[in-house]
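Enquirer: Got a sequence here, can you build the structure:
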Amino acid sequence: MKLVLLISLLCNGVFPQTKSGESYGNQGPPILGGAKKKSKFEDLGPTIYEENEVQILVDADWDENLLAYNIYLVLFYEKDCQETAKFIKEFEAAADELIVTRPFTPLAKVDCTEGNKKTTGLCSKIKRSSLPIIKLYRNEEFVMDYSGQRDRQSLINFIASINAEGSKVIENPKDLKGFMKNSTDKFFVSFASKIYKRLHGAYQSIAEEMMPYGVQFYHLQNPKKSKLYPGMDGQIVMFRPDGVKTKHENSTVQFGGKGKTEEDLTKWIKESYLGPVGLRNIMNRALYHGNLLIVVYINTQTGTEQMTQYVKNRAALVAEKRMYTANEKENKVKDSEPCGEEPKTDEVEESEKFCKFDPKEYSSKLGKSENNFELAMSDKQDFRKELQRCGFDDMDIDSDKVLVCALKNDGNRYPMDEAFSKDSFDMFVDQLLKRSIKPFIYTGKKDENPRLQFAKQLTGYDLMEDMEKGNDKVILLIGRTEIDKTGDAELVNAFKTAAEELKDDNSIDFAYMDLADNEIAPNLIQELSVEDQTSIFLVAGKTTRFRPVVGQQNLGGVLVKFIGQRRMDG
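Expert: Numbering: from 1, shown residues only. As a prediction, the model looks like this:
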C-alpha cells in the first residue's frame, strides 16, 4: 500500500536523472536550502522550494510534484495566524527529523493567506474557517484530516504508523506476555503460519490493509511450538490487554478457519477490533464509517485508569443492550460446510480447509443497517476540533468531564447534554435510534428589527425545518462578505424587489438567513452549496440556484421571471 508525497516529477513518472544518468531513487532529488533558491536541476522538472525542511507548494507545481513516496502530509495555513504560530516550529522539527528516514518522508505546506494568487486553486477547495489544517493523501487522493496533537513526536509517530506494512513476526511466544502488558489497544496474532497457509495468507492481506490505520498484527514464526498457548494452533487470535478489555470480556477471542472465507475473517477482525466499545484515535478513525458513530470522550492525560474503566464498562453495557436488532443477531456469521480445494498436507485435516474467496462478492456484504451504530472512546485532546463542532467549549474539553457526541455519516452532530452515567447514556442512545434528538448546528439570534421586508428571517435550525416542508420558497443566504460589495448588494436588492412584488402570492414564501451567524446543516450543504457567498435559491419541487449574468440590468425583474418559469417547469 503506497501513500503520496510531493516532489519533482517528470512527465514519464520516473525519478529525475542527474547529468551522469544516475537516479536519486528513494532519497528524493536535492532539496533546496532556502525558499528563494532554485534547483540546479530545474531543467529536469519543476523547481522545489523549501523552508526549514518543509516543502512550499503552489498551484503551478502541485500536480507535477507528486511522486510515489510512502507518505504525503501537507499543512494548509494562513500567515500571521496565532494558531499556526503555536505549532509551526513543531511541524518543522518533525520535517527535519523525518527527512533522513527511510522511506524518505518530507512534509509540505500551502500558504492560503487571502490574496495569495499562487495558491488560489488549492485553497479554494478548503473552507477558510477550517485553517490551519493538516491533510494526508494516498495515491494522489485525499485520505483523512490529521486531528491529533501537533507536537513533533506525535507527528512522527503518526507517520511511522502510516508507514507500517504487513504483520510483524514473533520469534519467541513468551514475548506475547510483554505485548499484553505494554499494549494500549487490542492486537491480533496468527497461529496459522506454516500450518494453514490459505488462512494465514488472508490474514496477511488484511494486515496490509489495516496496519496503516494503527491496528497491530503479529504472527508466530513457529506456531506449532507455542506450548504456552494451547488450543490456539491454526487460529487467528485477538488479544485484549487488561487496560483495554471490560470486566465482561475475555482476554482473548479466537477465529478458526473451518469452513470460513476471507470475507468471514475480515468481518470478524473488524467487528472484534471496533466493538463493542472501540478505542478510536487519529490513526484508526477512518475505520469507523457506519451510519451512526457514538463517541465517548475522556481526558486520558489527566484521568485515571479506574475512571477510564468505569466509563468503558458502562458504555459496554449500553452497547450490548442496543447494538444489534434481533434480525441482525440472526444474521451473524454462521459456520458453513467446508469448501475450497487445498492440497493435502500432513499438518491439516481436509475438514479444516479455509474457503476460497470471491472479492467481487465482498463489498456488498459488510453494510450495517440504519438502526445499528458503532460505539467508541476517544481522547478529548486528540479530537478537540471535533468536540468544538459538537458545541462543547474549551472549558468542557479541558476538564475531566466525560463528553458524548454522536456523529452521523451525513455530517450532523448530536451532543449529549446530561452528565455521563449508564442511565443517561442509555437514554441518549435510545433517543438517537428513535431520531427524537435535533442535531447541533451553529445558530445565531434573530434581529430585533428584521432588515428585509416581506421576508422572514431564519436561524440555522429554522432553515433545516423549513427545507423539510413541501411549500415553495425563495431563500436568500447572506454571505460573510461585506453587504456593500457590488455582487452581494445586487442580489440582496433583487431579492427585496421580488419579495415585494410577490408579497400577495400566498403560494410562495420568502426567507433569508445570515451565514455569518448561522451554519447550514451538513445534510443540506450539497443542496445549498454556497461556500459562504451570498446566494438565492428557489425551492419548488427541486432546489435551483439563481445565477444571473454579471452586470445584468433590472435584476429584480429577472429574478421574478426566473421564479415564475421554474415553478411552471417544476
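
Enquirer: Please give me every residue in contact with the spatially closest residue to Y461 that is not a sequence neighbour.
Expert: Spatial nearest neighbour of Y461, chain neighbours left out: T443 (5.5 Å); criterion: Cβ to Cβ, 6 or more residues apart in numbering. For glycine as for every other residue, the C-beta is placed from the backbone atoms N, C-alpha and C. With contact set as Cβ atoms under 8 Å, 6 or more residues apart in numbering, T443 has these partners: 459-461, 517-519.

Enquirer: Please, which helix or strand holds T443?
Expert: Using DSSP states H and E, T443 sits within no helix or strand.

Enquirer: Which two among the contacts of T443 are spaced furthest apart?
Expert: Every pair in the contacts of T443 was compared (Cβ to Cβ); the two farthest apart turn out to be Y461 and D517, at 12.2 Å.

Enquirer: pLDDT weak spots in the chain?
Expert: For the chain, the stretches with pLDDT under 70 are 1-48, 65-71, 139, 164-165, 224-226, 301-303, 324-371, 480-487, 570.

Enquirer: roughly how far apart are the residue of it positioned farthest from its centre and F562?
Expert: The C-alpha centroid of the chain is most remote from D504, which lies 47.8 Å away (Cα atoms, centre = their mean). Distance of D504 to F562, computed by Cβ to Cβ, to the nearest Å: 19 Å.

Enquirer: who touches the nearest residue to K247 once chain neighbours are set aside in this structure?
Expert: Leaving aside its chain neighbours, K247 sits nearest to N313 (5.7 Å; criterion: Cβ to Cβ, 6+ apart). Residues near N313 by Cβ under 8 Å, 6+ apart: 246-248.

Enquirer: And I88, by the same measure?
Expert: Taking Cβ under 8 Å, 6+ apart as the test, what I88 contacts is Y77.

Enquirer: Helix or strand next in line after the host helix or strand of it, which one?
Expert: Per DSSP H and E, I88 falls inside helix 82-98. Scanning forward in sequence from helix 82-98 by DSSP H and E, the next helix or strand is strand 107-111.

Enquirer: Help me confirm that E249 comes into contact with P241.
Expert: No: with contacts counted by Cβ atoms under 8 Å, E249 stays clear of P241, the gap being 11.1 Å.

Enquirer: Need the residues touching each of the two.
Expert: Counting by Cβ under 8 Å, 6+ apart, nothing touches both E249 and P241.

Enquirer: which SS state does the residue farthest from the centre of the chain fall under?
Expert: coil (DSSP: H, G, I helix; E, B strand; the rest coil).

Enquirer: what's it sitting at in phi/psi?
Expert: The phi/psi pair for D504 (degrees, to the nearest 10) reads phi -90, psi 0.

Enquirer: going forward, begin numbering at 4 instead of 1
Expert: Okay, using 4 as the starting number, the last item reads as D507.

Enquirer: so what's it up against?
Expert: By Cβ under 8 Å, 6+ apart, D507 has no neighbours at all.

Enquirer: From R569, how far off is it?
Expert: D507 is 20 Å from R569, by Cβ to Cβ.

Enquirer: do the same with K273
Expert: Counting by Cβ to Cβ - K273 and R569 are separated by 46 Å.

Enquirer: Likewise for S157?
Expert: Applying Cβ to Cβ to S157 and R569 gives a distance of 52 Å.

Enquirer: Equivalent analysis for N166, please.
Expert: To R569, N166 is 53 Å away according to Cβ to Cβ.

Enquirer: in the stretch 454-573 of the chain, which spans are helices?
Expert: 463-471, 489-504, 558-572 (DSSP state H, counting those that start in this stretch).

Enquirer: show me where the stretch 54-203 of the chain has strands.
Expert: Assigned by DSSP state E, counting those that start in this stretch, the strands in the stretch 54-203 of the chain fall at 57-59, 69-70, 75-80, 110-114, 136-141, 144-149, 171-173, 190-193.

Enquirer: what's the angle between the fourth one and strand 75-80?
Expert: Going back to what we said before, that points to strand 110-114. Here the directions of strand 110-114 and strand 75-80 differ by 30 degrees (axes from the mean of the first three to the mean of the last three Cα atoms, to 10 degrees).

Enquirer: got the contact list for strand 110-114?
Expert: Contacts of strand 110-114 (Cβ under 8 Å, 6+ apart): 8-9, 56-61, 75-82, 94, 97-98, 101, 121-122, 125-126, 158.

Enquirer: in the stretch 404-553 of the chain, which spans are strands?
Expert: Using DSSP E, counting those that start in this stretch, strands in the stretch 404-553 of the chain cover 406-411, 416-418, 459-460, 475-481, 511-517, 538-543, 545-548.

Enquirer: any chance of the ones you listed in a markdown table, with mean neighbour count and distance to P215 too?
Expert: Below are those laid out as a markdown table (neighbours: other Cβ atoms under 10 Å; distance: least, Cβ to Cβ, whole Å):
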| stretch | mean neighbour count | distance to P215 |
| --- | --- | --- |
| strand 406-411 | 21 | 22 |
| strand 416-418 | 19 | 27 |
| strand 459-460 | 16 | 48 |
| strand 475-481 | 21 | 40 |
| strand 511-517 | 21 | 42 |
| strand 538-543 | 21 | 40 |
| strand 545-548 | 14 | 39 |
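
Enquirer: Could you dump those strands into JSON lines with distance to V113 added?
Expert: As requested, the strands of the stretch 404-553 of the chain are exported to JSON lines (distance: least, Cβ to Cβ, whole Å):
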{"stretch": "strand 406-411", "distance to V113": "27"}
{"stretch": "strand 416-418", "distance to V113": "27"}
{"stretch": "strand 459-460", "distance to V113": "37"}
{"stretch": "strand 475-481", "distance to V113": "28"}
{"stretch": "strand 511-517", "distance to V113": "30"}
{"stretch": "strand 538-543", "distance to V113": "27"}
{"stretch": "strand 545-548", "distance to V113": "29"}
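
Enquirer: nearest to S439, of those strands?
Expert: Among those, if distance is taken as Cβ to Cβ, the winner is strand 416-418, at 10.6 Å.

Enquirer: For the closest one, name the packing helices and strands.
Expert: strand 406-411 (3 or more Cβ pairs under 8 Å, 6 or more residues apart in numbering; DSSP states H and E).

Enquirer: Next, the distance between the ends of stretch 531-551.
Expert: This stretch, stretch 531-551, spans 17 Å end to end (Cα to Cα, to the nearest Å).

Enquirer: Many thanks, we can stop here.
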